[in-house]
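> Need a 3D model of the following:
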Amino acid sequence: MVKFSPLAVSLALSYKSLSCNGFTFVNNGKEGTKARFQQHQMVATEMPRTASDILWTPSIKSGAREEQLGPIEQYCEDLYSVIRRKTRTVECGPIKFGSEHPIVRQTMATTNTADVEASMEQIMRCADKGFDLVRVTVQGKREAVACAKIREGLFKKGYDIPLCADMHFQPVIAQLVADAVEKIRINPGNFADGRKDFVDHVYESEDDYVKEREYLVEAMLPLVEKCKSLNRAMRIGTNHGSLSSRVLSFYGDTPRGMVESAIEFADICRSQDYHNFVFSMKASNPLVMVQGYRLLAAEQYRLGWDYPLHLGVTEAGEGEDGRMKSAIGIGTLLADGLGDTVRVSLTEDPEFEYEPCNRLSTIAESRLAINPDAEARQSKVTKYTDTRDITAFARRHSELPEQRDGDNIDVRGYLHRDGSVISAVNAEMLTAENAQYLYQELGCKTAVGMPFKDIATSDSILLRDPPPSSDKKARLALNRLIEVSMGVIVPADKLEADPLPNAVALYDLEQALANDGKLPEGAIRLAVTVRGHESEETIAAIKQLNPVMVLLDISPDLSSLHSSRRFFEMLKFHNIETPVIHLFKTDITDSNELALQMGTKVGSLLTDGDGDGILVEPVQGNNAFSLDFLRTTSFSLLQGCRMRNTKTEFVSCPSCGRTLFDLQETTAKIQDATGHLPGVTVAIMGCIVNGPGEMADADFGYVGTLPGKVDLYYGKEVVKKSIPNDDAVDALIDLIKEYDMWQDAPEEEESLEAIEV
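From the prediction side, this is the model:
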């Protein structure tokens, strides 16, 4: 039940109908005052000054929100086409956030903010690169004063790019710096409540939890008033890694906790009739990030709110992995029409963030249904009902290959329970002089020239044009792969013309049905290709065929996202548990572009739990990438989607003015020393702000705490303090060994001698 303070009730009774912070009070004289939650602005002349005066969003835990507002009904504008979520416009100096404006590209400076000249130079480089906004860190008064000088200096040089002050722990400094910059980012987890103790605070009731809102209001109100008076923008930026101990104790380390933390601060803003703000729900885990944003968008629809969203995967890392992880999270949400500004957080200089940031934005803009080509692809998808539950993540269950009576080889290794990688191979790779190199490119270990599967070996291969049976050496190379439980998938017509014992026969689905699932001579299993045009009746027939896998190869005249979602809905409805491999055909020749496209197009489905693996197939004679690179990139996609770990997972912050060591150099050293530990997660944090929180999911943490000093963590616990930078990497290795999670790096194989037949 929603409770109102005496001030709120007296205000309500003084009006026949009063709108306040989203509540509409109606005094009808008979039933008294009743409240409905609708989208309205404050019209009272007296603003709330205390927590008890604010009309808070109804409780989610007590069930009051659903009782008063109904269940969550939507999280995006349209489930079947890409339409940007309708938002209000938020002004930030010369730029504007919102659905009526282009997606804003932004980054964060890595310089010491107090170094005015260096900061100005970097900001100008970012502006010249194309960024619309630059964020700077503000630790205290010195940096706040520097911001005023930076702002003035940029204006004098003809740069009006808006600045955003990144605030943690310092409500008073936030008020001071609001005079100088166009936007303030506050973190609900530590703006007023920055306890990093991870101690469970026991709340006997929700009233006990709510009582602690008073100090949030005391800290936040002056800044809200300042921003409102100066027309400054604000970002209420929740971070999964820095939720307050208060929120962690009540909601847990969850997307729901992230959302509720942000809503509390939004309620304070709205109580003062201040609406010039945006939200963000950042996490280093793309699945948590996607669920957090979707849940926030869904709550905004339910509450009747329309605030823009700032998208970002925090601590994404560097190189292709950092771009892949960012594309998985950001690209998934943009494909839903969510997101009004984007930052790609890389452990690189900020200028290098522009290309992936801009590219993700242009990809998203090209998929909007306002574009005729995109609209045509989306409208061609056969109608279906989308039943995904965006409030929880659950991976689709599929049945792995099983042995049958009469099998003379082991088929159980064709796919992997945590996600599979299938590699496209051609006949030339199987020649006697190339076979040993092929084994290596597939990630096999070899002993006296014989291949064996390792932790990151391709599970199966696709061979569109197999070598003829007359090529004994090439067939022997294939047989050696088959013998170690690697599936060899070959088009059925090729097998009919020239059988390959124990191959997997690949048919188009309609073709397989027409043939009643009959296998060519020598084939051991059936696989089918689905293109997206198939009827529900045809898809339902997959169950009777019982193929070992489906290759999902959506026709280019259909929306890949929506057609794939339809296919998975059909499988769910008909209780079909056949594994599905996403076939990603590409003519891309740039490695960064490949990571962005794979993350956006395939990652957006894997983050819904839909799909059991990836097959990247170059087309049109594309030889830009080695088989090894495509294999490792595919495994990076699976790891980024939290499916299959085949290497050390690194959570590394992108650096900023708070960073206490050379983050890029240190990250490179740690990756070089510990990158061979699959299943181990290492967090590398330049400062304490997000460190302990982001390391909650990490096994080990490396955090700058003082200039020249590092603390090492095991989970959430500091286990070694104030280690000199020069000794810290070795100390980290010793710590990993101490917890029995170390293994020596495998030795490189000295030779690749071909074995004579």
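> Off-centre distance for stretch 718-727?
The chain centroid and the centroid of stretch 718-727 are separated by 31 Å, computed with Cα atoms, centre = their mean, to the nearest Å.
> Other residues contacting it?
Stretch 718-727 has contacts (Cβ atoms under 8 Å, 6 or more residues apart in numbering) with 661, 666, 705-706, 708-713, 731, 735. C-betas here are computed from N, CA, C, even on glycine.
> if we go to 6 Å?
Stretch 718-727 is contacted from outside by 661, 708-712, 731, using Cβ atoms under 6 Å, 6 or more residues apart in numbering.
> Arg65: how many residues sit nearby?
Neighbourhood size, Arg65 [other Cβ atoms under 10 Å]: 21.
> OK, contacts around it?
Per Cβ under 6 Å, 6+ apart, neighbours of Arg65: Pro58.
> circling back to that earlier point, take the contacts of stretch 718-727 and keep only those in helices.
Ala731 (DSSP state H).
> Most neighbours among the contacts of stretch 718-727, please name it.
Val710 (27 neighbours).
> For the nearest residue to that residue once chain neighbours are set aside, the count of nearby residues, please.
Spatial nearest neighbour of Val710, excluding adjacent residues (Cβ to Cβ, 6 or more residues apart in numbering): Ala728 at 4.1 Å. When neighbours are defined as other Cβ under 10 Å, Ala728 has 23 of them.
> I'd guess Ala728 is in a helix, am I close?
Yes - looking at Ala728 with DSSP: H, G, I helix; E, B strand; the rest coil, it is inside a helix.
> Read off the pLDDT value for it.
pLDDT for Ala728: 86.
> Return the subset of the contacts of stretch 718-727 lying in strands.
Among the contacts of stretch 718-727, the members falling in strands (DSSP state E) are 709-712.
> a strand runs through Glu100, doesn't it?
No - under three-state DSSP, Glu100 sits outside any strand and is assigned coil.
> Once you drop chain neighbours, what's closest to it?
Thr89 (6.1 Å).
> What pLDDT does the model give that neighbour?
98.
> Then Gly312?
Reported pLDDT at Gly312 in the predicted model: 94.
> hang on, the earlier thing: which members of the contacts of stretch 718-727 define the maximum pairwise distance?
Gly708 and Leu712 (14.8 Å; Cβ to Cβ).
> For stretch 143-155, buried residues please.
By 16 or more other Cβ atoms under 10 Å, the buried positions in stretch 143-155 come out as 143-147, 150-151, 153-154.
> I'd like those as a markdown table, with secondary structure and distance to Met549 appended.
Converted to a markdown table, the buried residues of stretch 143-155 look like this (DSSP: H, G, I helix; E, B strand; the rest coil; distance: Cβ to Cβ, whole Å):
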| residue | secondary structure | distance to Met549 |
| --- | --- | --- |
| Glu143 | helix | 55 |
| Ala144 | helix | 58 |
| Val145 | helix | 62 |
| Ala146 | helix | 58 |
| Cys147 | helix | 56 |
| Ile150 | helix | 56 |
| Arg151 | helix | 58 |
| Gly153 | helix | 60 |
| Leu154 | helix | 56 |
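> What is the nearest of the residues you listed to Val421?
Using Cβ to Cβ, the buried residues of stretch 143-155 come closest to Val421 at Glu143, 46.1 Å.
> Would you mind measuring from Val680 to Leu478?
For Val680, the distance to Leu478 equals 35 Å [Cβ to Cβ, to the nearest Å].
> Quick one: name whatever helix or strand follows the helix or strand hosting Gln175.
Counting by DSSP states H and E, the element that carries Gln175 is helix 171-177. Per DSSP H and E, the first helix or strand lying C-terminal to helix 171-177 is strand 183-186.
> Beyond the worst-scoring helix or strand of the chain on mean pLDDT, next helix or strand please.
Least confident helix or strand, the chain: strand 33-37 with a mean of 37, by mean pLDDT, DSSP states H and E. Later in the chain than strand 33-37, the nearest helix or strand by DSSP H and E is helix 64-69.
> for that following helix, which positions count as buried?
65, 68-69.
> just stretch 728-738 next, same as before
Buried, per 16+ other Cβ under 10 Å, within stretch 728-738: 728-729, 731-732, 735-736.
> Which residues does it contact?
Counting by Cβ under 6 Å, 6+ apart, 669-670, 673, 702, 710, 712, 723, 742 sit against stretch 728-738.
> Asn622 and Ile588 touch, don't they?
No - checked against Cβ atoms under 6 Å, the pair Asn622 and Ile588 is beyond contact range at 7.6 Å.
> Same drill for the two, tell me which one is more crowded.
The residue with more neighbours, out of Asn622 and Ile588, is Ile588; 19 against 13, by other Cβ under 10 Å.
> Please name the residues that touch the more buried one.
Leu594.
> So it, which state does it fall into?
coil.
> And the pLDDT at it?
95.
> Gly443 versus that one, what's the distance?
22 Å.
> where do the strands sit along the stretch 651-757 of the chain?
681-685, 700-706, 709-714, 717-724 (DSSP state E, counting those that start in this stretch).
> Distance of Leu605 relative to Phe567?
10 Å.
> Have a look at these two and say which one is more surrounded.
Neighbour tally, Leu605 and Phe567, criterion other Cβ under 10 Å: the higher count belongs to Phe567, 25 against 22.
> Adding pLDDT and distance to Lys518 as columns, could you present the buried residues of stretch 143-155 in JSON lines?
Output for the buried residues of stretch 143-155, formatted as JSON lines (pLDDT from 0 to 100; distance: Cβ to Cβ, whole Å):
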{"residue": "Glu143", "pLDDT": "94", "distance to Lys518": "73"}
{"residue": "Ala144", "pLDDT": "94", "distance to Lys518": "75"}
{"residue": "Val145", "pLDDT": "96", "distance to Lys518": "79"}
{"residue": "Ala146", "pLDDT": "96", "distance to Lys518": "75"}
{"residue": "Cys147", "pLDDT": "96", "distance to Lys518": "73"}
{"residue": "Ile150", "pLDDT": "97", "distance to Lys518": "73"}
{"residue": "Arg151", "pLDDT": "97", "distance to Lys518": "74"}
{"residue": "Gly153", "pLDDT": "97", "distance to Lys518": "76"}
{"residue": "Leu154", "pLDDT": "97", "distance to Lys518": "72"}
